[in-house]
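Asks: Build the 3D model from these lines:
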Amino acid sequence: MPAKNGQGVFSLSPGSLKQKLEPFSDRGEFPVLVVFDRRKDPGALYLGRTHPLVARLCDAVLGEAFSPSGDDRFARAGAMFTDAVVRWTALVLLRFRYRFIEEIEEFAEEIVLAAFERGQNGPRWLEPLSTAARDLAEAAEPRANISREERSENVQRTLDILKADPDWFRQILDWRVAELGAAHKRLRVLLKARPTKIDPHLPPDILGCFVLIPVGGRN
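Replies: Purely as a prediction, here's the structure:
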């Protein structure tokens with residue numbers, strides 16, 4: 001996995017992904033110096049959003065994350081003590097699936113990262129829904145050690161909160177259906193075509209969960 005090496009420069013070290021990365025090393029040697037900004041180091045391998053290595057690395061990481069054997073380095077669930085939040089907060093990675101019904105039916109799916117705090121009657125989703133979870137994921141850094149047992153307890157707490165509310169996903173789903181519906185409506189008006197009906201599959205899949213626990217223990 002990439003390890004931060006200052007000034008926006010990263011170094012890819014050997015490991016389980018090595019064989020997938022070797023074609024992108026000039027001499028097949030590691031570590032390989034890479035940058036995400038061409039200006040950082042002209043002699044390093046530049047990784048743009050569409051570089052084949054990005055796709056290959058994502059494929060390898062996802063493969064490890066969904067492996068039946070499991071690997072803590074690629075866990076889809078976890079927790080940390082952090083000062084990025086003042087209340088216990090859970091980030092959940094959700095997969096929504098839809099049928100788009102027009103003259104023919106089409107299937108689509110999307111991944112949504114959302115965040116919630118524990119409310120009186122279930123999850124209280126943080127707004128703005130489109131950016132709150134992403135901003136927390138970018139800002140949060142660990143500030144204290146956490147045991148495996150504490151991680152498991154907090155992930156289970158997240159799942160228990162969602163399980164207790166059969167409509168836990170409703171606010172997120174309504175938001176996404178409204179957004180998709182508006183986008184398709186604009187397109188259909190331009191094309192002078194019939195409106196699209198969006199039929200969501202319920203419930204969404206929970207692909208990942210990460211809990212942010214405030215340093216000091218506030219809930």
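
Asks: care to break the protein down by domain?
Replies: With domains defined by automatic domain parsing, the chain comprises 2-74, 77-214.

Asks: okay, those domains in JSON lines with mean pLDDT and mean neighbour count next?
Replies: No exception for glycine: its C-beta is placed from N, CA and C like everyone else's. Shown next, in JSON lines, are the domains of the chain (pLDDT from 0 to 100; neighbours: other CB atoms under 10 Å):
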{"stretch": "domain 2-74", "mean pLDDT": "68", "mean neighbour count": "13"}
{"stretch": "domain 77-214", "mean pLDDT": "93", "mean neighbour count": "15"}
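
Asks: Check which helices and strands the lengthiest helix in the chain is in contact with.
Replies: When the chain is parsed with DSSP state H, its longest helix is helix 170-191. Judged by 3 or more CB pairs under 8 Å, 6 or more residues apart in numbering; DSSP states H and E, helix 170-191 is in contact with strand 89-101, strand 105-119, strand 197-214.

Asks: Make JSON lines from the ones you listed and add distance to residue 182 to it.
Replies: Shown next, in JSON lines, are these (distance: least, CB to CB, whole Å):
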{"stretch": "strand 89-101", "distance to residue 182": "14"}
{"stretch": "strand 105-119", "distance to residue 182": "15"}
{"stretch": "strand 197-214", "distance to residue 182": "11"}
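
Asks: Between the ones you listed, which one is closest to residue 171.
Replies: Smallest distance to residue 171 across the helices and strands packed on helix 170-191 (CB to CB): 8.9 Å, for strand 105-119.

Asks: Need the contact partners of that closest one.
Replies: If you take CB atoms under 8 Å, 6 or more residues apart in numbering as the criterion, strand 105-119 is touched by 87-100, 123-126, 129, 132-134, 136-137, 161, 172, 176, 204, 207, 219.

Asks: ok, the closest residue to residue 157 other than its chain neighbours - contacts?
Replies: Excluding its sequence neighbours, the residue lying closest to residue 157 (CB to CB, 6 or more residues apart in numbering) is residue 211, at 7.5 Å. Taking CB under 8 Å, 6+ apart as the criterion, residue 211 is in contact with 78, 79, 80, 88, 89, 90, 91, 151, 154, 155, 157, 158.

Asks: in the sheet, who's paired with residue 112?
Replies: Bridge pairing for residue 112 (DSSP bridges) gives the partners residue 94.

Asks: ok, it to residue 144 distance?
Replies: Distance of residue 112 to residue 144, computed by CB to CB, to the nearest Å: 29 Å.

Asks: hang on, the earlier thing: could you tell me the angle between the longest helix of the chain and strand 105-119?
Replies: Per axes from the mean of the first three to the mean of the last three CA atoms, to 10 degrees, the angle that helix 170-191 makes with strand 105-119 is 140 degrees.

Asks: Just the angle for helix 170-191 relative to strand 197-214, thanks.
Replies: Helix 170-191 and strand 197-214 are oriented at 140 degrees to each other (the same axes, to 10 degrees).

Asks: so helix 170-191 versus strand 89-101, what angle?
Replies: Counting by the same axes, to 10 degrees, helix 170-191 lies at 40 degrees to strand 89-101.

Asks: Please enumerate residues in contact with helix 170-191?
Replies: Helix 170-191 is contacted by residues 94, 96, 98, 100, 110, 112, 114, 125, 129, 194-196, 198, 200, 202, 204 when judged by CB under 8 Å, 6+ apart.
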